[in-house]
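Q: below is the structure, and that's it, no one-letter string:
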């Protein structure tokens with residue numbers, strides 16, 4: 001069970017994540033976050049000095065790569081692990097909204113830390129860095145183009161995507 005301060009912090013992150021996804025970073029105020037978290041407006045500053053700090057905490061603590069980090073080793077760089085990453089990202093579409101905010105509002109300044117944090121402790125991170133970049137680019141493009149594609153238009157399947165990386169990029173003939 002979380003202590004009171006930890007509960008408040010989680011409430012702030014939950015509220016901010018929902019508001020950022022719903023109305024964007026710039027349109028979200030600290031007062032709105034505090035209200036949605038059930039805190040007095042000044043109470044939020046006991047946990048975070050600024051809105052950007054809240055955004056950074058959401059990115060670093062709640063990104064889908066956190067659950068995959070321990071499984072990312074050169075020996076496990078296979079279809080199953082790659083598929084689990086794609087599945088995790090598909091289950092968390094709000095993460096890409098946050099990435100878009102990161103790119104537009106912050107010009108990607110928090111991304112190097114995010115990716116390096118996800119890859120910390122991995123003996124050979126270069127293939128994973130390439131794969132994570134490819135996955136993020138693919139999902140962002142899909143998100144941006146989703147409304148412009150005709151219904152039933154062909155998108156690359158997860159298997160084809162993984163094959164492209166594992167066989168055509170990592171092991172070219």
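A: Nice, I can see it. Quick caveat: nothing in here was measured; it's all calculated off a predicted structure. Numbers count the residues shown, from 1 in each chain.

Q: where does the prediction get shaky in the protein?
A: In the predicted model of the chain, residues 1-4, 64-78, 117-124, 152-158, 166, 168-173 satisfy pLDDT under 70.

Q: all helices in it, in order from the N-terminus.
A: Here the chain has its helices, by DSSP state H, at 4-23, 30-37, 51-62, 79-90, 94-106, 111-119, 126-145, 158-163.

Q: and those as CSV, adding distance to residue 43?
A: The way it works is simple: take the backbone N, C-alpha and C, and place the C-beta from them, glycine included. Below are the helices of the chain laid out as CSV (distance: least, CB to CB, whole Å):
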stretch, distance to residue 43
helix 4-23, 7
helix 30-37, 6
helix 51-62, 13
helix 79-90, 33
helix 94-106, 24
helix 111-119, 27
helix 126-145, 34
helix 158-163, 43
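
Q: got CSV for these, with mean neighbour count and distance to residue 151 too?
A: Shown next, in CSV, are these (neighbours: other CB atoms under 10 Å; distance: least, CB to CB, whole Å):
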stretch, mean neighbour count, distance to residue 151
helix 4-23, 17, 25
helix 30-37, 18, 35
helix 51-62, 18, 32
helix 79-90, 16, 19
helix 94-106, 17, 21
helix 111-119, 15, 33
helix 126-145, 15, 13
helix 158-163, 15, 20
